[in-house]
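# Here is my input; please provide its structure:
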Amino acid sequence: MTDTSSTTLLYDGRIVRLELQDHKWEIVRHADAVAILVLDTQGRMLCVRQPRRAVGRKTLEAPAGLIDPGETPEQAARRELQEEAGLDADMQLLTRFYTSPGFCDEQIYLFRASNTRESRLPQDDDEEIEVLWLPPAEVLSGMKDGTLAGSGATVIAAMYAQMELTQ
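Residues are numbered from 1 along each chain as shown. Predicted coordinates for the structure are as follows:
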């Protein structure tokens with residue numbers, strides 16, 4: 001890959017930055033994020049349902065959120081789990097991946113939470129979160145047939161959960 005000969009800033013917002021490179025490539029700069037896989041003793045996966053303006057509907061997702069400036073991915077995962085589900089846990093990094101590398105530089109770090117314990121931090125003011133515990137197979141089935149809407153991180157978390165449960 002060659003260095004970019006010209007970059008023009010098109011937009012610089014609170015969450016995203018849009019650049020035009022070489023008068024051709026629109027590149028979205030976005031903070032990295034975390035997603036957290038939590039399984040209970042019955043093999044159910046922790047999910048949160050919340051309205052998402054970008055898609056105009058409620059989605060079902062693994063707990064997730066942006067990494068704040070100065071935070072490590074693990075710190076962000078613990079904070080997000082406390083905010084969204086009232087739990088703290090030990091974190092193990094499972095994988096990381098780009099959400100849409102054709103135009104965006106955002107990476108998601110997927111953690112597996114273990115040794116969960118109650119610990120709540122306040123939710124963000126604009127969040128409406130419903131906590132659900134669902135079998136990973138149900139999450140995957142709903143994503144496949146379209147009865148559930150969610151993120152790629154949720155699908156990957158559910159696949160990791162299925163692998164763990166079948167080993």
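# dump the residue contacts of residue 43.
Residue 43 sits next to 135, 136, 161, 165 when contact means CB atoms under 8 Å, 6 or more residues apart in numbering. C-beta here means a position set from N, CA and C on the backbone, and glycine is covered the same way.
# Hmm, I typed the wrong one, I wanted residue 19.
7, 8, 9, 10, 26, 27, 29.
# How far off centre is the longest helix along the chain?
For the chain, the helix with the greatest residue count under DSSP state H is helix 152-166. Offset of helix 152-166 from its chain centre (CA atoms, centre = their mean, to the nearest Å): 13 Å.
# List the buried residues for that helix?
Counting neighbours by 16 or more other CB atoms under 10 Å, one finds that the buried residues in helix 152-166 are 153, 154, 155, 156, 157, 158, 160, 161, 162.
# Just the closest of those to residue 51, please.
Comparing the buried residues of helix 152-166 against residue 51 with CB to CB places residue 154 closest, at 15.5 Å.
# neighbouring contacts of stretch 145-161?
Contacts for stretch 145-161 (CB under 8 Å, 6+ apart): 33, 35-37, 39, 43, 45, 47, 55, 57-62, 64, 94-95, 97, 99, 108, 110, 112, 136, 139-140, 142-143.
# Show me those that map onto strands.
Counted as lying in strands by DSSP state E, out of those, are 33, 35-37, 45, 47, 57-61, 64, 94-95, 97, 108, 110, 112.
# Give me the angle between the longest helix of the chain and strand 33-37.
Using axes from the mean of the first three to the mean of the last three CA atoms, to 10 degrees, one finds that helix 152-166 and strand 33-37 are set 30 degrees apart in direction.
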